[in-house]
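*Asks:* I'd like to go over a predicted model; first the sequence, then the structure.
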Amino acid sequence: MIEYQHHSIKAIILGIMQDAGLPHAGCLCHRCRAAYADPVLKEYATSLAIVDTRQDQSKVWLIDASPDIREQINILADVLGPNSSLPGRLRQPDGIFLTHAHFGHTAGLMHLGPEAMDVQHLPIYCSNGLVEVLQQSRLWQPLINNLDLFPLDPFQRFEIASDLYIDSLPVPHRDELGTDTFAYRITGPNKTLIYIPDIDDWNLWPEAREFLRAADIALVDASFFSEDELGGRAPVAHPLVMDTLQFFDQLPVQLWLTHFNHTNPVLDPNGDARRQVISAGGKIAYTGKVFDL
Ligand SMILES: [Zn+2]
Ligand SMILES: [Zn+2]
Ligand SMILES: [Zn+2]
């Protein structure tokens, strides 16, 4: 249960896993087996909420529509409040910003369609390319008809409420559909948070240091701790945790790791990997963590 102070702007972590969540379909590793056996150990795919309670009617935006949105929406039940036109239902969020097309960031849209939450004119903000791909998805047409799709340009600054801004920052990330990947920078009256759930390599993003230096909090891609997790496969396009710690070492921003693959030993609460992260000054994201903005 999350405590919402009135008259504040918060970012709330709704999930911390790589796209496939925990347990990971078909996986027999010890973490996935434990999560099958005990649902308390389940973890949702990465997603973030922005909640503005400065007005009588709170405003709620999501970043990404994870496959676990079905449960993640409920984390926000108190702040969404009742739906005035559909009795017994929650109010729909005020908008969703999508970072990129990969399924862990978009597949939750299906839970918004007529068979599920049945949203009406829900604003969806994403790259131009992703708007086009969504519009062409015949499989999802009944849902898409109920969404209002707004294309964002790279580096576009958008004032979502008074003194609350979201900027779309293009980052390098494998792009099979040519639809780009955005990090989102959220700037409230007091703090700036940069959300980067997926990036191929810090060194392929020339502006990274400039943006991170100017932010207070960075919530970033920590899919893999080391190449040991890849079982001999070619390195997957995500920075390894130790490289991320090194990259952030000279930056004043508060580093929070998220988007963990089920193989990542950082997930083990008492393991060496987690100790190494913490002693290097990094923090491990958890569902329900609230940041004041
Ligand atoms: Zn992802
Ligand atoms: Zn597993
Ligand atoms: Zn991705």
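*Replies:* Arrived safely, thanks for sending. Ligands and ions are numbered 1, 2, ... in the order given.
*Asks:* For the chain, just list every one of the strands.
*Replies:* Assigned strands in the chain, in chain order: 9-15, 47-52, 59-63, 95-97, 122-127, 147-152, 157-161, 164-170, 182-187, 192-196, 217-221, 254-258, 283-284, 290-292 (criterion: DSSP state E).
*Asks:* got the ones you listed as a markdown table, with mean neighbour count and distance to residue 275 columns?
*Replies:* Heads up, the C-betas are built off the backbone N, CA and C, glycines and all. Shown next, in a markdown table, are the strands of the chain (neighbours: other CB atoms under 10 Å; distance: least, CB to CB, whole Å):
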| stretch | mean neighbour count | distance to residue 275 |
| --- | --- | --- |
| strand 9-15 | 23 | 21 |
| strand 47-52 | 26 | 26 |
| strand 59-63 | 23 | 30 |
| strand 95-97 | 23 | 34 |
| strand 122-127 | 22 | 38 |
| strand 147-152 | 16 | 39 |
| strand 157-161 | 14 | 38 |
| strand 164-170 | 19 | 32 |
| strand 182-187 | 25 | 28 |
| strand 192-196 | 23 | 24 |
| strand 217-221 | 25 | 19 |
| strand 254-258 | 22 | 13 |
| strand 283-284 | 16 | 11 |
| strand 290-292 | 17 | 24 |
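*Asks:* and those as a markdown table, adding distance to residue 114?
*Replies:* As requested, these are exported to a markdown table (distance: least, CB to CB, whole Å):
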| stretch | distance to residue 114 |
| --- | --- |
| strand 9-15 | 24 |
| strand 47-52 | 22 |
| strand 59-63 | 19 |
| strand 95-97 | 17 |
| strand 122-127 | 12 |
| strand 147-152 | 12 |
| strand 157-161 | 27 |
| strand 164-170 | 28 |
| strand 182-187 | 28 |
| strand 192-196 | 30 |
| strand 217-221 | 33 |
| strand 254-258 | 32 |
| strand 283-284 | 38 |
| strand 290-292 | 33 |
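*Asks:* Extract the C-alpha set from stretch 47-60 and format it as CSV.
*Replies:* Output in CSV follows, covering the C-alpha atoms of stretch 47-60 (Å, rounded to 0.1, in the frame of the first residue of the first chain):
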residue,chain,number,x,y,z
SER,A,47,7.2,0.3,-15.5
LEU,A,48,6.9,3.7,-13.8
ALA,A,49,4.0,5.8,-12.7
ILE,A,50,4.0,9.6,-12.3
VAL,A,51,1.4,10.8,-9.8
ASP,A,52,0.4,14.4,-9.3
THR,A,53,-1.9,15.1,-6.3
ARG,A,54,-1.7,18.9,-6.3
GLN,A,55,-5.3,19.2,-7.5
ASP,A,56,-8.4,17.7,-6.1
GLN,A,57,-8.5,15.3,-9.0
SER,A,58,-5.1,13.5,-9.0
LYS,A,59,-3.4,12.9,-12.3
VAL,A,60,-1.7,9.6,-13.1
